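A.B. asks: Build me a model from this:
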Amino acid sequence: MSAITASMVAALRAKTDAPMMECKKALTEAAGDMDKAEELLRVKLGTKAGKAADRITAEGVVAAAVEGNTGALVEVNCETDFVSKNDDFLAFTNAVAKLVAEKNPADVAAIGAYELSQAGFGPTVEDVRKGLIGKIGENMSIRRFKRYSGGGQLASYLHGTRIGVLVEFTGDAVAAKDVAMHIAAMKPVSLSSADVPAELIEKERAVAAGKAAEDAKAAEAAGKPAQSADIVTKRIEGSVQKYLKEVSLHNQVFVKAADGKATVEQHLKGVKTEVKGFTLYVVGEGIEKKVDDFAAEVAAQVAAAKGA
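C.D. replies: Just a heads-up that it's a prediction; the model follows:
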């Protein structure tokens, strides 16, 4: 089993918001597997452990470019928040978004070969990227992009430079913009519950099953009668259905609903608007930021000094 370091505990706490000792126990039980430890925390502590899962774990910028019915959303990463505010870096990110919308690159790797003249850094995107690295002294990379050109209307929303949304729709542009803002705030993973990825559903089912098992142990310890298998199954499936409603755009309560109850789907029907698809980028989402284990580093330096 791999050693559980202070940096691992700190990283799991930053990701889940769970107590430090609970994080250490989960990592120990999971033999150092971060994903498994996060799942164990959700089982033991309920959904609280996953509340901070969307916290920013790397630096960079999200930019959008829309021209008529063609548009793109891109994320470009850097090492520090300071560089994410650099004018040259911001200009580079915006230029890449515009280029992706215009040129339709096959993938991220293909972007580097396109022409992009910026402040004398060079003729291609890759030349400009390398030039900026040399000037600023920090690594940067184009992480991902999504391009739309299917003929539908497009609405974009940027929450600062760290959260970006691009919505494809038909109907009212104001309504689509409002929904883009809703997506930035509520972070749905799919358009409808039927579109939620199977792996996310199974993970949620496993968490619900684990929580049911924990509840059963607690009931047994308290001398309470065990629930029937049928009731337990219904509880688990009920948790899954609740999750599907929480993470699918159509089923979420619209953040600007006048009555505080209308779902996004109901609101869109009321304004005769249809959202065909959307893309949401949160800077650094899914990237594990390196956390230095200073205690271990100091100990290693002391040991080296003694050895010398």
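
A.B. asks: Please report how far Met181 lies from Ser239.
C.D. replies: When CB to CB, to the nearest Å is applied, the distance between Met181 and Ser239 equals 29 Å. C-beta coordinates here come from the backbone N, C-alpha and C atoms, glycine included.

A.B. asks: Helix or strand: which one has Arg42?
C.D. replies: Taking DSSP states H and E as the definition, Arg42 sits inside helix 34-45.

A.B. asks: no wait, Val62
C.D. replies: Here Val62 is covered by strand 59-67, with elements defined by DSSP H and E.

A.B. asks: my guess is Glu265 meets His250, correct?
C.D. replies: Yes - the pair Glu265 / His250 is scored as a contact, 3.8 Å apart, by CB atoms under 8 Å.

A.B. asks: can you list the residues that contact stretch 151-167?
C.D. replies: 56, 61-64, 66, 69-73, 75, 84, 90, 146, 148, 168-171, 173, 176-177, 179-181, 183-184, 275-283 (CB atoms under 8 Å, 6 or more residues apart in numbering).

A.B. asks: Mind listing what's buried along it?
C.D. replies: 152-158, 161-167 (16 or more other CB atoms under 10 Å).

A.B. asks: Going through the contacts of stretch 151-167, which ones are buried?
C.D. replies: Among the contacts of stretch 151-167, those that count as buried by neighbour count (16+ other CB under 10 Å) are 61-64, 66, 70-73, 75, 84, 90, 146, 148, 168-169, 176-177, 179-181, 183-184, 275, 277-283.

A.B. asks: about what we covered before: please produce CSV containing the buried residues of stretch 151-167, extended by pLDDT, secondary structure and distance to Arg235.
C.D. replies: Conversion of these to CSV gives the following (pLDDT from 0 to 100; DSSP: H, G, I helix; E, B strand; the rest coil; distance: CB to CB, whole Å):
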residue, pLDDT, secondary structure, distance to Arg235
Gly152, 90, coil, 40
Gln153, 96, strand, 43
Leu154, 97, strand, 42
Ala155, 97, strand, 39
Ser156, 97, strand, 41
Tyr157, 97, strand, 37
Leu158, 97, strand, 41
Thr161, 94, coil, 42
Arg162, 94, coil, 37
Ile163, 96, strand, 34
Gly164, 97, strand, 38
Val165, 97, strand, 34
Leu166, 98, strand, 38
Val167, 97, strand, 35
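
A.B. asks: any chance of the residues you listed in JSON lines, plus distance to Lys98?
C.D. replies: Shown next, in JSON lines, are the buried residues of stretch 151-167 (distance: CB to CB, whole Å):
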{"residue": "Gly152", "distance to Lys98": "19"}
{"residue": "Gln153", "distance to Lys98": "19"}
{"residue": "Leu154", "distance to Lys98": "14"}
{"residue": "Ala155", "distance to Lys98": "17"}
{"residue": "Ser156", "distance to Lys98": "12"}
{"residue": "Tyr157", "distance to Lys98": "17"}
{"residue": "Leu158", "distance to Lys98": "14"}
{"residue": "Thr161", "distance to Lys98": "15"}
{"residue": "Arg162", "distance to Lys98": "19"}
{"residue": "Ile163", "distance to Lys98": "19"}
{"residue": "Gly164", "distance to Lys98": "14"}
{"residue": "Val165", "distance to Lys98": "18"}
{"residue": "Leu166", "distance to Lys98": "14"}
{"residue": "Val167", "distance to Lys98": "19"}
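
A.B. asks: Which one of those residues is nearest to Pro123?
C.D. replies: Closest approach to Pro123 among the buried residues of stretch 151-167 (CB to CB): Thr161, at 26.4 Å.

A.B. asks: measure the closest one to Leu99 for me?
C.D. replies: In this structure, Thr161 and Leu99 are separated by 18 Å, where distance is defined by CB to CB.
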